[in-house]
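Asker: Have a look at this prediction, sequence included:
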Amino acid sequence: MMEEQTNPEPTHVTLEESLHTLPLAPLPPGFVRQVMVQVAAQPQTAPPRFRLQFLDVALALALGGFMILLLSTAVWYLEQSETGWLPALRAQIGQMGQSETAVLLWFLIAAAIAAEIALGIFVCVQLWQERPYTLA
Amino acid sequence: MSQDEGALIKRAQRGDAAAFESLVMMHAQLVYNLALRTLNNTQEAEDVAQETFVRAWQALPRFQGASRLSTWLYRITTNLCYNRLPQLKQEMAALDVAETAVSTPSSLSPETTLLNREQRQALVTAVSHLPQSYRLLITLRYAQEMSYADIAAVTDMPLGTVKTGLFRAHRLLAEFLSEEVETGIER
């Protein structure tokens, strides 16, 4: 079937050409005017605004809570662990903290956190000013 | 979408009726002809075409421009035709599985490269006698010059259904025309 469709016979080519030139019927007289009369009586519908609903907040809280719980559990488990790799990691970080390059590293981390906070504040201010939502 | 049309849409979205009137004038004939070919009734086609534009006006602020305005308008028109002809959508959906009774098209001779005036008139008649689902597809494809993908979006049908429907419509028309040619030769 598909092959037949992609390889039209000469008949179909002729038909194609003729179909492309089928005459269009003229519009009924006064068509546009009648449309505009009806349009004048019809208000436009504004696009729906995003509504912040209970479910949106609840879902965000549930997901956030789940992530915190997961991380807390992981940290707790690792601290209880007897593998000893966590104390080793701590010691390594402690040694890094005393080196000179570590100062730059901590500075970069602090700057990234500050940038994240600034971005968060910016987004909050924008949301507050434009308020594309209503509290349901 | 031309730059002019884009500007008109933006103005109409802000409630500018004059801009909307320009858009109506740009698209009215094709919308009307789509409805006319599908419904085969001038009064109903006029009603559907008018309703298409009224609905488009109401919903225009929500038009995101993801598709062309014409595609969006044809989709509204097609949905209104579906409402008027409840069996149309079923017929479209059935294209995928229905057995076609149409035999393989024989025989307009390959030398027949152009249809004469009478045959072209016969073609117009043949199109108007096709089942409504085929009329809709043929009109979208040839009068509105739409791609298969756009037709699938407008009719809310799978791409395969659209291709199958158009292929079968072609076969029906080819059969009809070959009969016309044979009749013409006999005459």
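Answerer: Sure thing, it's come through.
Asker: rest of the way, CA atoms for contacts and neighbours
Answerer: Noted.
Asker: and the gap between the residue lying closest to residue A:38 once chain neighbours are set aside and residue B:129?
Answerer: Sequence neighbours aside, residue B:54 is the residue nearest to residue A:38 in space, at 6.8 Å (criterion: CA to CA, 6 or more residues apart in numbering or on different chains). The gap separating residue B:54 from residue B:129 is 30 Å, by CA to CA, to the nearest Å.
Asker: what do you get for residue B:24?
Answerer: 29 Å.
Asker: Where does the residue nearest to residue A:38 sit: helix, strand or coil?
Answerer: Under DSSP: H, G, I helix; E, B strand; the rest coil, residue B:54 falls in the helix class.
Asker: so which residue of chain A comes closest to chain B?
Answerer: Nearest to chain B, among the residues of chain A, is residue A:44, at 4.1 Å (CA to the nearest CA).
Asker: That residue contacts residue B:15, correct?
Answerer: Yes. Residue A:44 lies in contact with residue B:15 (CA atoms under 8 Å); the separation is 7.2 Å.
Asker: Assign a three-state SS to residue A:28, would you?
Answerer: Applying three-state DSSP: residue A:28 is coil.
Asker: Isn't it up against residue B:46?
Answerer: Yes. Assessed by CA under 8 Å, residue A:28 is found in contact with residue B:46 at 7.4 Å.
Asker: Which one of those two is surrounded by more residues?
Answerer: residue B:46 (19 against 13; other CA atoms under 10 Å in any protein chain shown).
Asker: Leaving out sequence neighbours, find the closest residue to that one.
Answerer: Spatial nearest neighbour of residue B:46, chain neighbours left out: residue B:32 (6.4 Å); criterion: CA to CA, 6+ apart.
Asker: contacting residues around the helix or strand hosting that neighbour?
Answerer: For residue B:32, the element it lies in under DSSP states H and E is helix B:17-39. Outside helix B:17-39, the residues that touch it by CA atoms under 8 Å, 6 or more residues apart in numbering or on different chains are A:24-27, A:32, A:36, A:39-40, B:5, B:8-9, B:11-12, B:42, B:44-46, B:48-49, B:53, B:57, B:70, B:73-74, B:77-78, B:81, B:85, B:128, B:132-133, B:135-136, B:139-140, B:143-144.
Asker: Extract the C-alpha set from that helix and format it as PDB.
Answerer: Provided in PDB are the C-alpha atoms of helix B:17-39 (Å, rounded to 0.1, in the frame of the first residue of the first chain):
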ATOM      1  CA  ALA B  17     -11.700  44.200  15.100                       C
ATOM      2  CA  ALA B  18     -10.400  45.900  11.900                       C
ATOM      3  CA  ALA B  19      -7.300  43.700  12.000                       C
ATOM      4  CA  PHE B  20      -9.500  40.700  12.500                       C
ATOM      5  CA  GLU B  21     -11.600  41.700   9.500                       C
ATOM      6  CA  SER B  22      -8.500  41.700   7.400                       C
ATOM      7  CA  LEU B  23      -7.700  38.200   8.600                       C
ATOM      8  CA  VAL B  24     -11.200  37.100   7.700                       C
ATOM      9  CA  MET B  25     -10.900  38.500   4.200                       C
ATOM     10  CA  MET B  26      -7.600  36.600   3.800                       C
ATOM     11  CA  HIS B  27      -8.900  33.200   4.800                       C
ATOM     12  CA  ALA B  28     -12.700  33.300   4.300                       C
ATOM     13  CA  GLN B  29     -12.800  31.800   0.800                       C
ATOM     14  CA  LEU B  30     -10.700  28.800   1.700                       C
ATOM     15  CA  VAL B  31     -12.600  28.200   5.000                       C
ATOM     16  CA  TYR B  32     -15.900  28.500   3.200                       C
ATOM     17  CA  ASN B  33     -14.800  26.100   0.400                       C
ATOM     18  CA  LEU B  34     -13.600  23.600   3.000                       C
ATOM     19  CA  ALA B  35     -17.000  23.600   4.700                       C
ATOM     20  CA  LEU B  36     -18.800  23.600   1.300                       C
ATOM     21  CA  ARG B  37     -16.900  20.600  -0.100                       C
ATOM     22  CA  THR B  38     -17.300  18.700   3.200                       C
ATOM     23  CA  LEU B  39     -20.900  19.400   3.800                       C
END
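Asker: Tell me the buried residues in it?
Answerer: B:17, B:19-24, B:28-39 (16 or more other CA atoms under 10 Å in any protein chain shown).
Asker: Just after the helix or strand containing residue A:95, pick out the following helix or strand.
Answerer: For residue A:95, the element it lies in under DSSP H and E is helix A:85-98. Using DSSP H and E, the next helix or strand after helix A:85-98 towards the C-terminus is helix A:100-130.
Asker: Checking the residue of chain A closest to chain B next. Helix, strand or coil?
Answerer: Following three-state DSSP, the label given to residue A:44 is coil.
Asker: circling back to that earlier point, am I right that the residue nearest to residue A:38 is in contact with residue A:37?
Answerer: No. When contacts are counted by CA under 8 Å, residue B:54 is not listed as touching residue A:37 (9.7 Å).
Asker: Of these two, give the one with the bigger neighbour count.
Answerer: Higher neighbour count among residue B:54 and residue A:37: residue B:54, with 23 against 11, using other CA under 10 Å.
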